[in-house]
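Engineer: prediction below, plus the sequence it came from.
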Amino acid sequence: MGFWRLNMDNNILWLIHKSFHFHFFLGYALHGFTDSLRYYREAVLLLTACVISMVSVIYFLIKKSVHFWL
């Protein structure tokens, strides 16, 4: 049962990852190339937020799976 739960969590992570990609490219298409410097700053902030959230979710999953197996 724990393995199925971990698979469901991985599928949710995949959906979150794909939605971040969609919003990233949608924002890129809407901003255009004119204010590329401002967009670059926003993209760096967005990617930093994505990395922090993904690392925290992965840490939570690892902690939960280790707790399950112990």
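Structural biologist: Thanks, I have it.
Engineer: what about the protein, any weak spots by pLDDT?
Structural biologist: 1-39, 67-70 (pLDDT under 70).
Engineer: longest helix in it, please.
Structural biologist: Looking only at the chain and at elements set by DSSP state H, the helix with the highest residue count is helix 36-69.
Engineer: tell me what that one is packed against?
Structural biologist: helix 2-31 (3 or more Cβ pairs under 8 Å, 6 or more residues apart in numbering; DSSP states H and E). For glycine as for every other residue, the C-beta is placed from the backbone atoms N, C-alpha and C.
Engineer: CA atoms only: put stretch 44-58 into PDB for me.
Structural biologist: What follows is stretch 44-58 as a C-alpha-only set of coordinates in PDB (Å, rounded to 0.1, in the frame of the first residue of the first chain):
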ATOM      1  CA  VAL A  44      15.200  33.400 -12.200                       C
ATOM      2  CA  LEU A  45      12.900  34.100  -9.300                       C
ATOM      3  CA  LEU A  46      10.300  31.600 -10.600                       C
ATOM      4  CA  LEU A  47      12.900  28.900 -11.100                       C
ATOM      5  CA  THR A  48      14.300  29.600  -7.600                       C
ATOM      6  CA  ALA A  49      10.800  29.200  -6.100                       C
ATOM      7  CA  CYS A  50      10.300  26.000  -8.200                       C
ATOM      8  CA  VAL A  51      13.600  24.500  -7.000                       C
ATOM      9  CA  ILE A  52      12.900  25.300  -3.300                       C
ATOM     10  CA  SER A  53       9.400  23.900  -3.500                       C
ATOM     11  CA  MET A  54      10.500  20.700  -5.400                       C
ATOM     12  CA  VAL A  55      13.300  20.100  -2.900                       C
ATOM     13  CA  SER A  56      11.000  20.500   0.000                       C
ATOM     14  CA  VAL A  57       8.400  18.100  -1.500                       C
ATOM     15  CA  ILE A  58      11.100  15.600  -2.300                       C
END
